[in-house]
Structure formats: structure tokens, C-alpha cells
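>>> have a look at this prediction, sequence included:
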Amino acid sequence: MNIAVTGANGFLGKNLIYNLKIFKDNKIFEITRKTKKKNIDEILNKTDIIYHFAGVNRPNKKKTFEKDNIELTNYICDYLIKKKLKKKIVFSSSIQVKINNEYGKSKKICENILKEFSNKSKSNVVILRLPNIFGKWSTPNYNSVVSTFCHNISRGKKINILYPRKEINLLYIDDLIKILISLKKITKVRFKVIEKFKFVQKISLKKISEIILNFEKKRKNFYIENIDTKFIKNLYSTYISYL
């Protein structure tokens, strides 16, 4: 299968591509900020499915949301409609579409663009409204609070928690990747929004920091943490990836 991945250098993109390469029948085409439009066109022509992850969530300027989160989505959909190409698209949206912030607004606009594309082209489009994702290759101080905590604590740096009691929903990257790969097989769904995922852990910021601080304490004493639950095991795997 020919597969395109936008945002190929990002957290989701890198993890998905790594796993897709395990299967020899997959041919992967990477789209990054440096990919020229003529090359994007060539990729869109020959791919069966597009995993659309490109975008930003913490830009310095509000206009960047429109440029990076919306323009590429518009370009992809307009091109496919113009060329009368039916393609399966899996889009990484966010639970923040229900929050009145710039990031959530930009993701909602992309969802609407993709829904219109699905209706016009009769293409399969799956929207994933993702919670907080954590795991290896996540960028500290950008992708997730878990990566920030792991990075800072493993280096003896202080962590600042403004709202320690705040609870967030966490989904491990490897669990998400399994879902993403399974979506290759979907053929009958025209347009679908997925908001609920297995293995989501609701936990406070304070509790996350305490667990990771304990990992570091035990490591210094040459002691391996008791990883008796799936969540703790995944959190520990994430932590040691930052050492």
C-alpha cells in the first residue's frame, strides 16, 4: 500500500512511520515543511491513504495556526477534488475542538474542510479527536507535559506545576499507533469522528510528577521500579527514553 504521512518529522509521524516500515508491503511517502508543492502533488497522485498530522499547537503567532494547520488541509482537499481523486484520509484532530482557543478553532476548521471533501469526493475520512498523547520522541515543552516532566526530571531540572490538581487524559503513543494502522483496512466508512479510545488514563499533573520523580529516585539507587500496571509500564518506558 502507498501511504503518505504529513508532519512526517513530528511526534505522531515519526512513530507511525517507524511502525509502518515493519510491513514490507507498505511504501511510505513523507511530507514535511520542506516538501515542495509539486512533490506533494506527485505524492497525492500515487498514495492510497493519507495520514494527515501536519500542524502546530503552540506557535509564537496566532497567524501560524492558519498557515500551518489550515492551509495544507485546504491544499490537499482542493487538489484531490480538482483531480477527481478518491483518497482515504486519517486526520489527527484534538479534544480541544470543544474549547474556544486558537488551536481548537483551527482543528475544527480542518475537520469541516475534510467533511466537505468527503461529501464531494465520496472519500473515506476518519477524524481522530485525540487526548494528550505521550511516549518516545515527544518534544519537551511542546508536545506533552509528560515529555517535559521526563526530560527535566531526568536531568535534575525543576518542574513548575501551576495547577497540580488539574486532571488530564493520557493515551500512550503505541496504543494510538495500533489504532492508526488498523484504520488502513476501513473501506465502508464515508466520514467518521472518533473521540473515545481504549487505555486512556485520567490522572492529575501532581500524580504524574510524583510517579516520574519516583522513577528518578529509584534509578539513582540502582533499583528498577515496580511496573505492575500497563500505564506505569508505558510511563516508565517514556521516562527512560529521555535518559
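That came through, no problem. Residues are numbered from 1 along each chain as shown.
>>> show me where this structure has strands.
2-6, 27-31, 49-52, 88-94, 125-130, 132-134, 167-172, 191-194, 201-204 (DSSP state E).
>>> just the angle between the longest one and strand 125-130, please?
Which is strand 88-94. Here strand 88-94 runs at 20 degrees with respect to strand 125-130, directions being taken by axes from the mean of the first three to the mean of the last three C-alpha atoms, to 10 degrees.
>>> with the second one instead?
Here the directions of strand 27-31 and strand 125-130 differ by 60 degrees (the same axes, to 10 degrees).
>>> now strand 27-31: buried residues?
Buried residues in strand 27-31, counted by 16 or more other C-beta atoms under 10 Å: 28-31. Bear in mind the C-beta positions are built from the backbone N, C-alpha and C, glycine included.
>>> adding distance to Leu243 and mean pLDDT, write the strands of the chain out as TSV.
TSV is the format used below for the strands of the chain (distance: least, C-beta to C-beta, whole Å; pLDDT from 0 to 100):
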stretch	distance to Leu243	mean pLDDT
strand 2-6	28	97
strand 27-31	28	96
strand 49-52	29	97
strand 88-94	28	96
strand 125-130	26	97
strand 132-134	16	96
strand 167-172	18	97
strand 191-194	34	95
strand 201-204	22	97
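>>> rewinding a little: in the buried residues of strand 27-31, find the pair that's most separated.
Largest separation among those by C-beta to C-beta: Ile28 and Ile31, giving 10.4 Å.
>>> give me the common contacts of those two.
Shared contacts of Ile28 and Ile31 (C-beta atoms under 8 Å, 6 or more residues apart in numbering): 4-5.
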